[in-house]
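Asks: Sequence first, then the predicted structure, then my questions.
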Amino acid sequence: MKKRLIVALATCGAILWATQTIWASAETNNQAGAEPSHGALNPLVLVGVAAILLVAKFGGELFERMKQPAVLGELISGIIIGNLALVGFTMAEPLKTDEVIGALAEIGVIILLFEVGLESNLGEMLEVGWSSLFVAIAGVIAPFFLGWGVAAYFIPEEAGLGHIFIGATLCATSVGITARVLKDMGRLTARESRIILGAAVIDDVLGLLILAVVAGAIRAAAVGAALSGIDVVIIAVKAIVFLLGAVAIGHYVMPHLFRNAGRLESRGVLLALAIAFCFLLAWVASLVGLAPIVGAFAAGLVLDEIHFESFRRKGEQSLEDLLAPVSTLLVPIFFVLMGLKVDLSAFARPELLGFAAVLTVAAIIGKQVCSLAVVESKINRLAIGLGMIPRGEVGLIFAGIGASLTLPNAQGVSEPVINAATFGAVVIMVIVTTLVTPPALKWSLSRTPLGPEEERSESMRKVAEDSASRTSR
């Protein structure tokens with residue numbers, strides 16, 4: 001293990017050295033007036049994207065070897081690269097504000113929310129019953145007010161809407177991380193697992209609605225207007241109508257569209273049509289004042305396997321498999337860029353470290369409260385609360401949006417709702433909640449005996465593993 005770690009670190013160091021050399025050469029040519037041979041794209045962008053992809057993949061690989069989510073490796077790689085200026089390496093600084101890289105990162109997060117929507121199922125959300133709904137509602141309300149209170153106490157100089165936005169970042173739950181742990185344990189069919197996953201999906205929907213309302217209030221305040229109660233209701237109604245409209249389109253329009261498109265002989269029709277639908281709903285969401293990620297999530301949520309039947313009969317891959325290379329390329333750019341924007345020098349202030357620590361505790365306690373909302377008996381409530389803890393990519397998405405919104409300060413100068421220091425505190429919260437969930441959830445579920453269906457699934461999994469082991473020999 002130590003040898004692998006040394007090799008991985010040495011490889012990352014070599015990549016950083018090579019990137020620095022290439023970057024220095026490109027920057028020298030750029031300053032000398034060298035023009036790109038084709039078009040007007042700055043060659044530094046190409047080097048920057050190459051560096052981001054390399055550190056993302058090696059960072060993700062390193063963390064996966066340590067049995068942790070790859071997203072943490074991508075995020076921490078970005079933090080390291082973004083703070084090399086503290087030791088004199090400043091060539092990565094332009095990446096933080098480059099518009100092209102920012103656009104690629106935004107497309108990446110739209111694709112990510114589209115994937116999350118595809119993995120979610122409206123029918124399964126309804127099947128898990130009232131427990132998931134009550135757990136989800138409690139898992140939004142408790143963290144929201146705890147985060148709001150912690151922010152108001154530690155950063156009183158910030159605008160009140162900024163405190164509210166911090167509360168909003170604590171609402172959502174990372175479906176992907178929890179699902180990965182449950183799948184690895186063979187416990188996806190457990191009642192606790194179904195409640196956790198159903199509540200996590202509902203959490204995301206409610207969190208996106210809260211995000212829409214808070215972002216609307218911030219945009220109104222930025223132009224000197226106030227958001228009345230009626231305005232809040234209008235924004236919430238817009239979001240609900242949009243989601244219901246997306247469901248209606250997915251149910252009545254998309255099956256016919258995909259069925260007819262399945263007759264086309266061109267390659268990549270399914271992928272192109274699905275991404276076009278995702279981008280279209282993301283655009284419509286922005287038109288009605290919602291975040292584009294709301295539209296992307298809705299697009300994935302309303303698409304179902306039955307829509308792609310005509311493509312499957314032709315032997316095409318599933319949409320998830322087709323989308324995987326696109327996601328693999330673009331999504332890491334978002335997480336590395338989020339890491340790049342974390343300023344470690346800000347943590348020289350002890351009060352900021354205290355803010356990050358208390359915010360993390362509030363994030364954990366807030367999700368433990370939701371376990372009290374389970375209405376069923378003989379359920380492992382602790383496991384449900386632990387499974388709702390990780391914020392993962394969703395918390396980072398919320399924080400990234402907060403960093404792009406601005407409010408006037410006391411002097412009338414516009415400043416980000418989430419500044420660099422606060423953003424760093426949110427990132428620490430995301431990292432800690434993501435790291436503690438897998439071992440804590442495994443420990444809690446190990447105390448609950450397997451049900452009949454789980455025992456059959458576990459037996460089949462062990463047979464498959466034994467078969468694969470004998471085949472490899």
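Replies: The structure has been received and is ready for your questions. Predicted, not measured: the structure shown is a model, and the values here were computed from it.
Asks: what comes up buried for stretch 326-339?
Replies: Buried residues in stretch 326-339, counting neighbours by 16 or more other CB atoms under 10 Å, are found at V326, L330, V331, P332, I333, F334, F335, V336, L337, M338, G339. (C-beta placed from N, C-alpha, C; glycine too.)
Asks: what does that stretch contact?
Replies: 49, 52-53, 55-57, 60, 71, 74-82, 95-96, 101-102, 104-109, 111-112, 115, 271, 275, 393, 396, 399-400, 427 (CB atoms under 8 Å, 6 or more residues apart in numbering).
Asks: average pLDDT for it?
Replies: For stretch 326-339, the mean pLDDT works out to 86.
Asks: try stretch 218-225
Replies: pLDDT averaged over stretch 218-225 gives 74.
Asks: quick one, what contacts A105?
Replies: If you count contacts by CB under 8 Å, 6+ apart, A105 has them with L330, I333, F334, L337.
Asks: ranges for the helices of the stretch 351-473 of the chain?
Replies: Secondary structure of the stretch 351-473 of the chain (DSSP state H, counting those that start in this stretch): helices at 381-387, 392-404, 420-446, 452-472.
Asks: Tell me the buried residues in the longest one?
Replies: Meaning helix 420-446. So helix 420-446, judged by 16+ other CB under 10 Å, has buried residues 421-435, 437-438, 440-442, 444-445.
Asks: How confident was the prediction at the spatially closest residue to Q68 that is not a sequence neighbour?
Replies: Distances taken as CB to CB, 6 or more residues apart in numbering place L435 nearest to Q68, at 6.6 Å, with adjacent residues excluded. The score at L435 is 78. That number is its pLDDT.
Asks: And for V45?
Replies: 80.
Asks: Quick one: list the elements packing against whatever helix or strand it lives in.
Replies: According to DSSP states H and E, V45 maps onto helix 43-65. In this structure, helix 43-65 packs against helix 2-31, helix 70-82, helix 99-119, helix 319-340, with contacts taken as 3 or more CB pairs under 8 Å, 6 or more residues apart in numbering; DSSP states H and E.
Asks: I'd like the buried residues of stretch 326-339 as TSV, with distance to I195 appended.
Replies: Below are those laid out as TSV (distance: CB to CB, whole Å):
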residue	distance to I195
V326	32
L330	32
V331	28
P332	31
I333	34
F334	30
F335	28
V336	34
L337	34
M338	30
G339	33
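Asks: out of those residues, who's nearest S174?
Replies: F335 (12.4 Å; CB to CB).
Asks: How much space separates I79 from V71?
Replies: From I79 across to V71, the span is 13 Å (CB to CB, to the nearest Å).
Asks: and what of A440?
Replies: Per CB to CB, A440 is found 18 Å from V71.
Asks: E265 too?
Replies: E265 is 38 Å from V71, by CB to CB.
Asks: of the two, who's got more company?
Replies: Just comparing E265 and V71: by other CB atoms under 10 Å the higher neighbour count belongs to V71, 27 against 6.
Asks: So that one sits against G60, correct?
Replies: Yes. Counting by CB atoms under 8 Å, V71 touches G60, with 7.4 Å between them.
Asks: could the contacts of A105 be laid out in CSV, adding distance to D304?
Replies: Shown next, in CSV, are those (distance: CB to CB, whole Å):
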residue, distance to D304
L330, 24
I333, 29
F334, 26
L337, 32
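Asks: which one of these is nearest F89?
Replies: L337 (17.4 Å).
Asks: Which positions within whatever helix or strand A152 lives in qualify as buried?
Replies: Using DSSP H and E, A152 sits in helix 129-154. Judged by neighbour count using 16+ other CB under 10 Å, the buried positions of helix 129-154 are 131-144, 146-148, 150-152, 154.
Asks: do you know how far G59 is from D204?
Replies: Distance, G59 to D204, using CB to CB: 25 Å.
Asks: Likewise for S371?
Replies: Distance of S371 to D204, computed by CB to CB: 18 Å.
Asks: Next: K341.
Replies: For K341, the distance to D204 - CB to CB - is 23 Å.
Asks: if you count what's nearby, which of the two comes out ahead?
Replies: More neighbours surround D204 than the other of K341 and D204, with 26 against 20 (other CB under 10 Å).
Asks: Help me confirm that that one is found in a helix?
Replies: Yes. Under DSSP: H, G, I helix; E, B strand; the rest coil, D204 sits within a helix.
Asks: Would you mind giving the domain segments of the chain?
Replies: 2-31+38-97, 103-468 (automatic domain parsing).
Asks: Just give me the lowest mean pLDDT stretch among these.
Replies: Mean pLDDT is lowest for domain 2-31+38-97 among these, at a mean of 72.
Asks: quick one on the thing from earlier: put the buried members of the contacts of stretch 326-339 into a PyMOL selection.
Replies: To isolate the buried ones among the contacts of stretch 326-339 in PyMOL, judged by 16+ other CB under 10 Å, type:
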select buried, resi 49+52+53+55+56+57+60+71+74+75+76+77+78+79+80+81+82+95+96+101+102+104+105+106+107+108+109+111+112+115+271+275+393+396+399+400+427
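Asks: returning to that earlier point: highest mean neighbour count across the domains of the chain, which stretch is it?
Replies: domain 103-468 (a mean of 19; mean count of other CB atoms under 10 Å).
Asks: Now do the contacts for the closest residue to G268 other than its chain neighbours.
Replies: Computed as CB to CB, 6+ apart, the closest residue to G268 that is not its neighbour in sequence is L322, at 7.9 Å. Residues near L322 by CB under 8 Å, 6+ apart: G268, L270, L271, A274, E316.
Asks: Farthest-apart pair in those residues, please.
Replies: Across the contacts of L322, the longest distance by CB to CB is 11.8 Å; it joins A274 and E316.
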